[in-house]
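Novice: 3D, please:
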Amino acid sequence: MQKWLVRAVEGGVWLLLLLTPWALGSVLERATALMEGGCFTLLILAWWGGLRREGFRLPSWIVMPAACFCLWTLLQLVPLPPPVLKILSPGTYAAYSEFLPGFATGEGQADAQSWLLQRHDSPSRALSPRPGEQTGLEGSLRVEPGLRPISWYPWETLRWLSRFLAYGAFFLLLAGFLPERALEKRLPWLVVSSGFALSLIGIVQYLTWNGKIFWLIPVYQGHPFSAWVNSNHFASYAQMSLWLGCGLLLKEAGFGGRQRRHRDFRRRAAPKIALGSFMLVLIAVAIILARSRGTWFSLALGSCCYLYLQVRAQCRNTRYAVWSALALAPLVLCIAGITYYILRGSEERVEETGVEASFAGRITCWKGVLPMIAANPFSGTGLGTFSLGYPRYKIYGETAIWDQAHNEYLQAFAESGLIGGAILVWGLVVFWRRRLSPLLSNRWRAQPPVALGAALGVLVLWIHSLVEFNLQIPANGLLFVLLGALVFAARSRTEKGTESTSSAPPKPAEYSRKSLTDAALTLQGGSDSRILMAPPSDISAWTGP
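Specialist: The predicted structure follows:
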């Protein structure tokens, strides 16, 4: 029974990873709800079936930041009296005072028509009845301002909290309940195969574009590629698949840790390596055709960062300090090249400033995000409320619609304030120190290859999040959680193996069969191909040469 349950849970994970990208990235509400429900259902099923791996336990450095962020988001939903709200969130208090009748004066009930008539001299020139006439609505539009939460849109905050919990459930399912072989081999191959298929469809669709995704679904805006409405989001998904595939090829080639090679290693591994290499080349071609400059730059920066960390790991001795310094040159040149392209090198740029057009638009958006953070410094406007709060703070004359800040970190501080943003930064820093840094900073040959590829995928997406919102796309977010779980699980296995090895007592020499065998072979000599063993009585009495 448990065997079939393990297969069912892993099959559910396969379905989530396969179907979420093909459903247009699962950006539609119904697809997102199915994804979240699937994550919760699979975790409950695995827990009910007792599938948790022996000895697994989430460490406190993961539980504490996640729990604190959830508690803070729930506090954003708690209704507060106006004086308290004015202290915690001045911007939210000002918005309620301006647009909610009776809130600023603390009235139990307010007449909406009277409140509107008091505003007829405002710049908006509100309508008012002629003198001596009535509308017939006097006293009938009663508004009860009452207590109000920090969140500008509580339902949206609750919805995004559900998304965060679904990602957490998926992480827990992968890290603690699935078999190790599924994490090390089956799921990575699944992701690479899915990325290959999506890239192939994207290339064919690019060459035969008819204005419709999959040649069926019309698109009226954006820059679609493959199953995504935005080519940047496809490229981000593809680059995570690319790095994971590189780690998988290293594993198939026999690199990493103490992996033993079979006698027929070349015959077994060569077809897999050839197939995987072909898949990765096609994924790379699709990334180029998607023309996502943010993806290109994040790939280059991530590669240069990893090169520097590896050179520094190889040259820890002070005699090689010059090599460690020289390893910074590619990173500095990469940053300089990206800066030049953004400021002067792009053909699509703003004439007045010369800045690349898409980046200039992001700068305009960020100029509005900063006042949004300053107006609600501690509390933010509520998780998931950026699209509702930003129009109040955007710079004068800005006509573009920004539903996201195109910078995950700025948006986190705008929605969750300094408190919620600090909690998220805490979690990222701890994850870097406990998991990513040991994988990326130590010698690559000693690391689990699949986990190393996953770590590079996580690093690159962190960099790309400076100019995009990939984590808000369910398919991309789910793959990112998978990479994080692979990093966590692989490092946990390494630590567990190290502890068990170091805690095992050494075997006494007189009881070691290996020592006796070596002694017998030494006495016999290496010229004879036969292995001669003495009788047990002689072995027990033997004291050595």
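
Novice: Next, count neighbours for T208.
Specialist: 8 (other C-beta atoms under 10 Å). Heads up, the C-betas are built off the backbone N, CA and C, glycines and all.

Novice: mind checking how far it is from L198?
Specialist: Separation of T208 from L198 (C-beta to C-beta, to the nearest Å): 16 Å.

Novice: go on, L45?
Specialist: To L198, L45 is 28 Å away according to C-beta to C-beta.

Novice: Looking at the two, which has the bigger crowd around it?
Specialist: Regarding L45 and L198, a neighbour count based on other C-beta under 10 Å identifies L198 as having more, with 23 against 16.

Novice: ok, now how distant is that one from P218?
Specialist: Here L198 is placed at a distance of 20 Å from P218 (C-beta to C-beta).

Novice: Enumerate every residue touching the most centrally placed residue in the chain.
Specialist: The chain has F480 as the residue nearest its centroid, 3.8 Å off, counting by C-alpha atoms, centre = their mean. By C-beta atoms under 8 Å, 6 or more residues apart in numbering, F480 lies in contact with M240, G457, V458, L461, N470, L471.

Novice: ok, now with 6 Å
Specialist: L461 (C-beta atoms under 6 Å, 6 or more residues apart in numbering).

Novice: List the buried residues of stretch 211-223.
Specialist: Residues I213 are the ones in stretch 211-223 that count as buried (16 or more other C-beta atoms under 10 Å).

Novice: Please give the centre-to-centre distance between that stretch and its chain.
Specialist: The chain centre lies 27 Å from the centre of stretch 211-223; the measure is C-alpha atoms, centre = their mean, to the nearest Å.

Novice: All the strands of this protein, residue numbers only.
Specialist: Under the criterion DSSP state E, the chain contains strands at 110-111, 142-143, 212-213, 217-218.

Novice: Let me have those in TSV, extended by mean pLDDT and distance to A23.
Specialist: Compiled in TSV, the strands of the chain are given as follows (pLDDT from 0 to 100; distance: least, C-beta to C-beta, whole Å):
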stretch	mean pLDDT	distance to A23
strand 110-111	68	45
strand 142-143	70	41
strand 212-213	92	11
strand 217-218	90	11
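
Novice: low-confidence ranges in the stretch 401-545 of the chain?
Specialist: Within the stretch 401-545 of the chain, the ranges that satisfy pLDDT under 70 run 491-545.

Novice: Quick one, which of the strands of the chain gets closest to L388.
Specialist: Nearest to L388 among the strands of the chain is strand 142-143; the distance by C-beta to C-beta comes to 19.6 Å.

Novice: ok, so what distance separates A325 from V311?
Specialist: Distance of A325 to V311, computed by C-beta to C-beta: 9 Å.

Novice: Tell me which of those two has more neighbours.
Specialist: Each of A325 and V311 has its neighbours counted (other C-beta under 10 Å); V311 has more, 17 against 13.

Novice: Spit out the contact partners of the more buried one.
Specialist: By C-beta under 6 Å, 6+ apart, the contact list for V311 reads S324, A327.

Novice: what about 8 Å?
Specialist: Counting by C-beta under 8 Å, 6+ apart, V311 makes contact with W323, S324, L326, A327.

Novice: so the last one touches C305, yeah?
Specialist: This points to A327. No: if you go by C-beta atoms under 8 Å, A327 and C305 don't touch, sitting 10.2 Å apart.

Novice: for the stretch 201-350 of the chain, what spans make up the helices?
Specialist: Along the stretch 201-350 of the chain, counting by DSSP state H, counting those that start in this stretch, helices occupy 231-252, 265-290, 293-314, 321-326, 328-340.

Novice: Quick check: which of those is buried the most?
Specialist: Ranked by mean neighbour count, the helices of the stretch 201-350 of the chain are led by helix 231-252 with a mean of 26 (mean count of other C-beta atoms under 10 Å).

Novice: Give the rounded mean pLDDT of that one.
Specialist: Throughout helix 231-252, pLDDT has a mean value of 95.

Novice: which strands and helices sit next to that helix?
Specialist: helix 187-207, helix 265-290, helix 293-314, helix 449-464, helix 474-503 (3 or more C-beta pairs under 8 Å, 6 or more residues apart in numbering; DSSP states H and E).

Novice: Against L34, how distant is S162?
Specialist: 13 Å.

Novice: Kindly report the same for A405.
Specialist: 27 Å.

Novice: neighbour-wise, which of these two wins?
Specialist: Neighbour count, other C-beta under 10 Å: between A405 and L34, A405 has more, with 23 against 17.

Novice: mind listing what the closest residue to that one other than its chain neighbours touches?
Specialist: Leaving aside its chain neighbours, A405 sits nearest to Q411 (3.9 Å; criterion: C-beta to C-beta, 6 or more residues apart in numbering). For Q411, the contact set (C-beta under 8 Å, 6+ apart) comprises V369, F386, Q404, A405, F469.

Novice: Got the phi and psi for the fourth one?
Specialist: The phi and psi values for A405, taken as degrees, to the nearest 10, are phi -80, psi -10.

Novice: Quick check, it in contact with E415.
Specialist: No: using C-beta under 8 Å, A405 is not in contact with E415; the gap is 9.0 Å.

Novice: Report the set of residues contacting both of the two.
Specialist: In contact with both A405 and E415: F386, using C-beta under 8 Å, 6+ apart.

Novice: Skipping adjacent residues, who's closest to L19 in space?
Specialist: Leaving aside its chain neighbours, L19 sits nearest to S26 (8.0 Å; criterion: C-beta to C-beta, 6+ apart).

Novice: Please report the distance of that neighbour from Y308.
Specialist: Separation of S26 from Y308 (C-beta to C-beta): 36 Å.
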